[in-house]
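Colleague: take a look and give me a structure for this.
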Amino acid sequence: MKKFLLSLCMVLALTACDNKKEETQTNAKPVIKIGASFPLSGNMASIGNAAHKALAASINDANKNPNNKYHYELLVENDQMDPKLVNNIANKYIFSDKINVIFSYFSTANRVVAPLAARYKIINFMTGFGEDILQSKYNFQNFLTYEAENEAIIHFFEKMNIKNVDLIYQNIGAADQLLYPLQEKLKVKGIEYTVHRFNKEERDFSTLVFKVKNSPSQAVFIYAFEPEADILTTEIKRQKVDKIIAYNDGLPMTTDYALYEGYYNVGSILTPAEYQKAWGLEGQNAAYAAYLYDSGKIVVDAFENATTVNKIPTSDEVADYLLNKKDYSGIIGKYTLDSKGQFHSKGQTSVVKNEHLVVYGE
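Modeller: Numbers count the residues shown, from 1 in each chain. The predicted model follows:
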């Protein structure tokens with residue numbers, strides 16, 4: 001009898017184990033791999049880390065939904081905004097990790113990843129200027145267009161009643177794509193302007209600042225990045241330039257907001273304070289992070305709904321779903337997606353108050 005009971009218990013135990021194993025296998029979801037690279041060290045580390053936290057929060061939020069068909073796994077690498085590193089990381093993601101989606105950050109990385117995504121048919125979400133690099137149906141860009149940036153700038157000039165402005169543009173990135181159309185808009189609006197250009201790695205801005213200080217302009221509008229932006233602004237403070245000082249989306253990249261106290265930034269939407277707190281970014285540089293969070297949600301929505309068949313959708317199915325949906329909304333507002341894969345949204349003006357970048361007027 002004892003042997004029978006022992007045998008029965010063993011059978012029941014094994015059955016329970018098998019049932020548990022089967023339940024685990026049944027509940028296991030197919031995995032969607034997302035590969036992302038950000039500048040997690042160097043001059044751009046602050047915004048790179050903020051972008052990483054935002055995208056991670058978006059994917060974590062998605063995985064909390066029990067109704068999702070898939071589990072989303074985020075892989076992250078530090079590209080230091082170095083094109084060679086970006087290329088190596090992207091190839092690793094595509095060929096070794098077999099990712100389903102890749103996220104590239106800023107124009108330097110976007111221009112490397114976009115051709116790879118097109119060639120190997122990988123969904124690629126980009127953040128940064130460069131709608132001109134949307135080379136295929138697999139590339140998507142979620143950031144302000146040049147047109148939206150310039151519309152926000154003109155709106156700022158009109159709101160501040162600026163009739164004459166000095167434009168200081170660094171010869172880097174999207175300077176020409178932004179500056180030339182802006183000049184045409186200024187002519188139409190009857191706003192006088194003088195253009196000043198400088199090169200990357202320039203360090204002595206004393207003569208340039210002296211010129212704009214003594215010009216008839218009411219404002220100085222700057223397109224520059226680190227470290228030149230901080231050096232230029234330090235010289236503006238040293239010479240006590242008493243004019244409206246504003247930046248075209250370069251100001252959020254600084255780690256020294258005290259230097260920019262009272263100065264304006266015109267361009268991308270700020271990450272709302274409640275999200276900064278939730279992501280552990282209070283008091284840190286959260287520039288552009290909101291775009292990454294929204295992009296993560298958009299990607300998850302596409303994979304969940306691209307096909308009704310019980311399988312991981314192909315890149316073509318995901319791309320077609322995204323392009324056909326067209327209208328989106330996120331924490332920064334409403335988006336529309338055009339046929340080239342560019343998301344369109346509005347710009348915003350912010351100002352540094354008490355060493356924090358806040359929405360102007362709030």
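Colleague: from now on I want contacts and neighbour counts done on CA atoms only, so please keep to that.
Modeller: Noted.
Colleague: report the central residue of this protein.
Modeller: By Cα atoms, centre = their mean, the chain has its centre lying nearest to residue 127, at 3.9 Å.
Colleague: surely that one meets residue 142?
Modeller: Yes - the pair residue 127 and residue 142 passes the contact test of Cα atoms under 8 Å, sitting 5.4 Å apart.
Colleague: shared neighbours of these two, anything?
Modeller: Listed as contacting both residue 127 and residue 142 by Cα atoms under 8 Å, 6 or more residues apart in numbering are residue 291.
Colleague: where does the closest residue to residue 71 other than its chain neighbours land on pLDDT?
Modeller: Spatially, and ignoring its direct neighbours in sequence, residue 71 is nearest to residue 31 (4.8 Å; Cα to Cα, 6 or more residues apart in numbering). With respect to pLDDT, residue 31 scores 97.
Colleague: who are the contact partners of residue 31?
Modeller: 70, 71, 72, 73.
Colleague: okay, those residues in TSV with secondary structure, neighbour count and distance to residue 220 next?
Modeller: Shown next, in TSV, are these (DSSP: H, G, I helix; E, B strand; the rest coil; neighbours: other Cα atoms under 10 Å; distance: Cα to Cα, whole Å):
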residue	secondary structure	neighbour count	distance to residue 220
70	coil	20	50
71	strand	19	49
72	strand	19	45
73	strand	16	45
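Colleague: closest one of those to residue 333?
Modeller: Lowest distance from residue 333 to these (Cα to Cα) belongs to residue 72, with 24.3 Å.
Colleague: and that closest one, how far is that from residue 352?
Modeller: 37 Å (Cα to Cα, to the nearest Å).
Colleague: give me the secondary structure label for the closest residue to residue 273 other than its chain neighbours.
Modeller: Leaving aside its sequence neighbours, residue 273 sits nearest to residue 282 (Cα to Cα, 6+ apart; 7.6 Å). Classification of residue 282 using DSSP: H, G, I helix; E, B strand; the rest coil returns coil.
Colleague: so residue 282 makes contact with residue 276?
Modeller: Yes - applying Cα under 8 Å, one finds residue 282 in contact with residue 276, separated by 5.5 Å.
Colleague: more neighbours: those two, which one.
Modeller: Legend: neighbour count by other Cα atoms under 10 Å for residue 282 and residue 276, higher for residue 276 (21 against 14).
Colleague: assumed residue 141 was part of a strand.
Modeller: Yes - when three-state DSSP is applied, residue 141 is found to be in a strand.
Colleague: which SSE is residue 85 in?
Modeller: Residue 85 belongs to helix 83-91 when assigned by DSSP states H and E.
Colleague: which parts of that helix are buried?
Modeller: Of all the residues in helix 83-91, those buried under the rule 16 or more other Cα atoms under 10 Å are 83, 85, 86, 87, 89, 90, 91.
Colleague: over to stretch 36-51?
Modeller: Buried positions in stretch 36-51, judged by neighbour count with 16+ other Cα under 10 Å: 36-40, 43-51.
Colleague: residues contacting that stretch, please?
Modeller: Against stretch 36-51 from outside (Cα under 8 Å, 6+ apart): 52, 74-81, 86, 89, 102-105, 226-227, 253, 255, 281, 284-290, 292.
Colleague: from the chain's centroid, how far away is stretch 259-266?
Modeller: For stretch 259-266, the separation from the chain centroid amounts to 21 Å (computed by Cα atoms, centre = their mean, to the nearest Å).
Colleague: what about that stretch, start to end distance?
Modeller: 17 Å.
Colleague: with stretch 330-347 instead?
Modeller: This stretch, stretch 330-347, spans 14 Å end to end (Cα to Cα).
Colleague: which residues touch stretch 292-302?
Modeller: Applying Cα under 8 Å, 6+ apart, the external contacts of stretch 292-302 come out as 51, 54-59, 62, 125, 127, 142, 318, 321-322, 328, 330-331.
Colleague: in the stretch 151-300 of the chain, which segments are predicted with low confidence?
Modeller: Residues of the stretch 151-300 of the chain that meet the criterion pLDDT under 70 lie in 173, 252, 283-285.
Colleague: what segments of the stretch 201-350 of the chain are helices?
Modeller: Ranges of helices in the stretch 201-350 of the chain, per DSSP state H, counting those that start in this stretch, are 206-213, 228-238, 273-278, 289-305, 315-325.
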